[in-house]
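Trainee: my questions are about this predicted structure, shown below with the sequence.
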Amino acid sequence: MKKILAGVAITGAIALALTGCASDGTGDGGDELITVGFAQTGSESGWRSANTESMKEAFSKDNGFDLIFNAADNKQEAQIAAVRSFINQGVDAIVIAPITVDGWDDVLTEAKDAGIPVILEDRTVSASDDLYASWVGLDFEKEGHTAGEWAAANADGSNLVVLEGTTGSAPALDRAAGFNSAIEGSSINLLDSQTGDFTRDGGKKVMEGFLQKYGSEINLLFAHNDDMGLGALDAITAAGLTPGEDIKIVTIDAVHDGMQALADGKFNYIVECNPLLGEKVAELVKAVLAGEEVDKTTIVPDGAFTQEDAIELLPTRPY
Ligand code: GZL
């Protein structure tokens, strides 16, 4: 691994010498900045905003970076086009929050062939892990399992509907797997499950459809993120039902508005998904460019919160 990384660093240095790129790509504290292209998914949720802020803060000029930021409006083809653009600009490193797990092999191979290291943050990909230097993310399956354990313990025998995250994304796939494994053997009855694409509007629209179809038969909602749960609140109250009581709600993220809904008793339980990954990602970019051996995977720990926790923690939460 060190040899490959050293090879990348040497190739990169030769490329820089020939093309006279702005940065020497070492981030050694000199006055030259490390140019990083960051391909973000988009701006679909409160979590995404907190993640983008964390990344922009970490990849500042004061920290030795020149950040080129692109938000892909939740469309993979736009995100892949952004990565190709970064390759053509000859950036020193590329960071990607990959919208979906599949479809990355070609563009990651192009980055590797160009001698530009790639770091994944947040979500991960199905491509071979020799196509990226490292992934900083979360244990989505554990998040789903924690939500399912709460549901089995506090809402057994319920009729469940699920608002799934973006189809084909690592969090949607893994949270579903974790949740389903945790409720196996319980008396929870799944009525329906559809994607709301991690957005408030998507959560509201899909929940409206569920309520038209099942009405007050529904008494448990699992939303793969707070934002879809928050959108569902509008649909639930419009149907004359009381969220948190008639329909118990468990979500994932623990962004401010989700924790406020939990404190207000509209949500019943939230599993955290930490968006503050910027510092770790920036550290990894510098290490990789310096030719250091880095861990292939870094999982950032998550918590889980009840209403009492939310009331206590809200005043001091960083996001
Ligand atoms: C999870 C992240 C998910 C959040 C959503 O790490 O990818 O995407 O749970 C966000 O809120 O849209």
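Mentor: Happy to help now that I have it. Residues are numbered from 1 along each chain as shown.
Trainee: quick one: residues contacting the residue lying closest to residue 60 once chain neighbours are set aside.
Mentor: Once flanking residues are discounted, residue 60 sits nearest to residue 67: 7.6 Å by CB to CB, 6 or more residues apart in numbering. For every residue, glycine as well, the C-beta is placed using N, CA and C. Going by CB atoms under 8 Å, 6 or more residues apart in numbering, residue 67 touches 36, 38, 55, 56, 59, 60.
Trainee: residue 67 belongs to a helix?
Mentor: No - under DSSP: H, G, I helix; E, B strand; the rest coil, residue 67 falls outside any helix and is assigned strand.
Trainee: contacting residues for the residue positioned nearest the centre of the chain?
Mentor: The residue lying closest to the centre of the chain (CA atoms, centre = their mean) is residue 122, at 4.2 Å. Counting by CB under 8 Å, 6+ apart, residue 122 touches 41, 51, 97, 136, 137, 138, 275, 277.
Trainee: Throw these into TSV and include pLDDT and neighbour count, thanks.
Mentor: Below are the contacts of residue 122 laid out as TSV (pLDDT from 0 to 100; neighbours: other CB atoms under 10 Å):
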residue	pLDDT	neighbour count
41	97	27
51	98	23
97	98	25
136	98	24
137	98	20
138	98	23
275	98	26
277	98	22
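Trainee: of those residues, which are in range of the ligand?
Mentor: The subset of the contacts of residue 122 within reach of the ligand, by CB under 6 Å from any ligand atom, is residue 138.
Trainee: next step: the contacts of residue 122 restricted to helices.
Mentor: When DSSP state H is applied, these are split such that residue 51 fall in helices.
Trainee: list, one by one, the residues from the stretch 201-319 of the chain near the ligand.
Mentor: So the stretch 201-319 of the chain meets the ligand at 225, 227, 252, 253, 273 (CB under 6 Å from any ligand atom).
Trainee: residue 209 reaches residue 195, doesn't it?
Mentor: No - between residue 209 and residue 195 there is no contact under CB atoms under 8 Å: 11.9 Å.
Trainee: hmm, back to that, what's the closest of the contacts of residue 122 to residue 155?
Mentor: Among those, residue 138 lies closest to residue 155 (CB to CB), at 24.0 Å.
Trainee: tell me the contacts of that closest one?
Mentor: Applying CB under 8 Å, 6+ apart, the residues contacting residue 138 are 122, 171, 273, 274, 299, 300, 302.
Trainee: at 7 Å what do you get?
Mentor: For residue 138, the contact set (CB atoms under 7 Å, 6 or more residues apart in numbering) comprises 273, 274, 299, 300, 302.
Trainee: make TSV from these and add secondary structure, pLDDT and neighbour count to it.
Mentor: Listed next are these as TSV, based on DSSP: H, G, I helix; E, B strand; the rest coil; pLDDT from 0 to 100; neighbours: other CB atoms under 10 Å:
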residue	secondary structure	pLDDT	neighbour count
273	coil	98	26
274	coil	97	20
299	strand	97	14
300	coil	96	17
302	coil	94	18
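Trainee: next, give me the two most distant ones among those.
Mentor: Taking CB to CB as the measure, those span a maximum distance of 11.5 Å, between 273 and 299.
Trainee: what segments of the stretch 151-300 of the chain are strands?
Mentor: 159-164, 189-195, 220-223, 248-253, 269-272, 297-299 (DSSP state E, counting those that start in this stretch).
Trainee: partners of the shortest one, with directions?
Mentor: Pointing back at strand 297-299 there. Partner strands and pairing direction for strand 297-299 (DSSP bridges) are strand 134-137 (parallel).
Trainee: which residues does the partner strand contact?
Mentor: Residues from elsewhere that reach strand 134-137, judged by CB under 7 Å, 6+ apart: 119-124, 277, 280-281, 284, 288, 294-300.
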